[in-house]
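Colleague: this is a predicted model, with the sequence first.
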Amino acid sequence: MPEIVANTVLPALREPVTLTTNDGLHLVAELALPELGTPIATMLCLHPLPTHGGMMDSHVFRKAAWRLPALADIAVLRWNTRGTTSAAGTSEGEFEGGVGEGQDLAAAVAWAQARGLPNIWLVGWSFGTDVALRYGNIDGVVGAILLSPPLRWTDDSDLDTWTHSGRPLVCLVPELDDYLQPDAARLRFARVPQAAVIGVDGARHLWVGEAAVSRVLDEVVARLAPARSPLPREWNGPMERWSDL
């Protein structure tokens, strides 16, 4: 069977979406659904820092949308936070340093619930982990997976809200991260008893390389759709290749 590689795009129903925030902004988004049947879980993607290139097309999240609907029956909702641009367009508003972005997250959760999407998990990456930790511990969210959490804007009081709710936290921390490495992350997250901190040998903050991306997606699927884990590395069916990688 053909191997799944960095630019493999597997079949899915891909739908442009507009999210509307409580303060009246319209955000560019995309929903990717299994081509056949209904999803068994939903991944909401909170992208890295937009002032440093983060957007809904940041590579780990784009590859999640390319693969997980077909391989794991997971729905993937990605959006550009306020003021952020990708190939899909620019969301209204301006970057607010992780404050207004909490309203963007709330809009995404509310939209996913209204759409009837099941088993909603947040997956934040870098800046997106701060948004998830500060604003994502809300009704409708099962738990959160954090990729390279820098804990730049998150304080202990934010972590304590997760302790009190009991919602699961899974923290994937690269061994060679530029901001927070595994031992330091274990100290910071020790106040959240249900938080699992997983150090990833050889990985870096940006999860560059197919091995790093595959590890992230395997960890996501292990929580959202454990019966589909680990993901296959081959696909016997129609596939496309994205041309810009």
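Modeller: Arrived safely. Residues are numbered from 1 along each chain as shown.
Colleague: straight-line length of stretch 216-230, end to end?
Modeller: This stretch, stretch 216-230, spans 11 Å end to end (C-alpha to C-alpha, to the nearest Å).
Colleague: likewise stretch 133-147?
Modeller: Distance across stretch 133-147, first residue to last, is 12 Å (C-alpha to C-alpha).
Colleague: give the rounded mean pLDDT of it.
Modeller: Taken as a whole, stretch 133-147 has a mean pLDDT of 98.
Colleague: so which bits of it are buried?
Modeller: By neighbour count, with 16 or more other C-beta atoms under 10 Å as the criterion, the buried positions of stretch 133-147 are 133-137, 141, 143-147. (Each C-beta comes from the backbone N, C-alpha and C, glycine too.)
Colleague: TSV for those residues, including secondary structure and distance to residue 72?
Modeller: TSV is the format used below for the buried residues of stretch 133-147 (DSSP: H, G, I helix; E, B strand; the rest coil; distance: C-beta to C-beta, whole Å):
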residue	secondary structure	distance to residue 72
133	helix	25
134	helix	28
135	helix	26
136	coil	21
137	coil	25
141	coil	19
143	strand	16
144	strand	18
145	strand	14
146	strand	20
147	strand	17
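Colleague: can you list the residues you listed in a markdown table and add distance to residue 34?
Modeller: Output for the buried residues of stretch 133-147, formatted as a markdown table (distance: C-beta to C-beta, whole Å):
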| residue | distance to residue 34 |
| --- | --- |
| 133 | 29 |
| 134 | 31 |
| 135 | 28 |
| 136 | 24 |
| 137 | 28 |
| 141 | 21 |
| 143 | 21 |
| 144 | 23 |
| 145 | 20 |
| 146 | 25 |
| 147 | 23 |
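Colleague: out of those residues, which is nearest to residue 229?
Modeller: Residue 229 has its nearest neighbour among the buried residues of stretch 133-147 in residue 145, at 13.1 Å by C-beta to C-beta.
Colleague: sorry, back to before: and which of the buried residues of stretch 133-147 is nearest to residue 54?
Modeller: Among these, and counting by C-beta to C-beta, the member closest to residue 54 is residue 147, at 11.6 Å.
Colleague: run through the bridge partners of the closest one.
Modeller: residue 125, residue 172 (DSSP bridges).
Colleague: phi, psi of residue 184?
Modeller: phi -70, psi -40 (degrees, to the nearest 10).
Colleague: could you list the low-pLDDT ranges of the chain?
Modeller: Within the chain, the segments meeting pLDDT under 70 span 245.
Colleague: OK, contacts around residue 8?
Modeller: Going by C-beta atoms under 8 Å, 6 or more residues apart in numbering, residue 8 touches 66-67, 235, 239-241.
Colleague: same thing but at 7 Å, please
Modeller: Residues near residue 8 by C-beta atoms under 7 Å, 6 or more residues apart in numbering: 66, 239, 241.
Colleague: let's see which of the residues you listed end up in strands.
Modeller: Those of the contacts of residue 8 mapping onto strands are residue 241, per DSSP state E.
Colleague: of the contacts of residue 8 - the most surrounded one?
Modeller: Of all those, the highest neighbour tally under other C-beta atoms under 10 Å goes to residue 66, namely 24 neighbours.
Colleague: who's the spatially closest residue to it that is not a sequence neighbour bridged to?
Modeller: What sits nearest to residue 66 in space, not counting adjacent residues and going by C-beta to C-beta, 6 or more residues apart in numbering, is residue 9, at 4.6 Å. Residue 9 has the following beta-bridge partners by DSSP bridges: residue 240.
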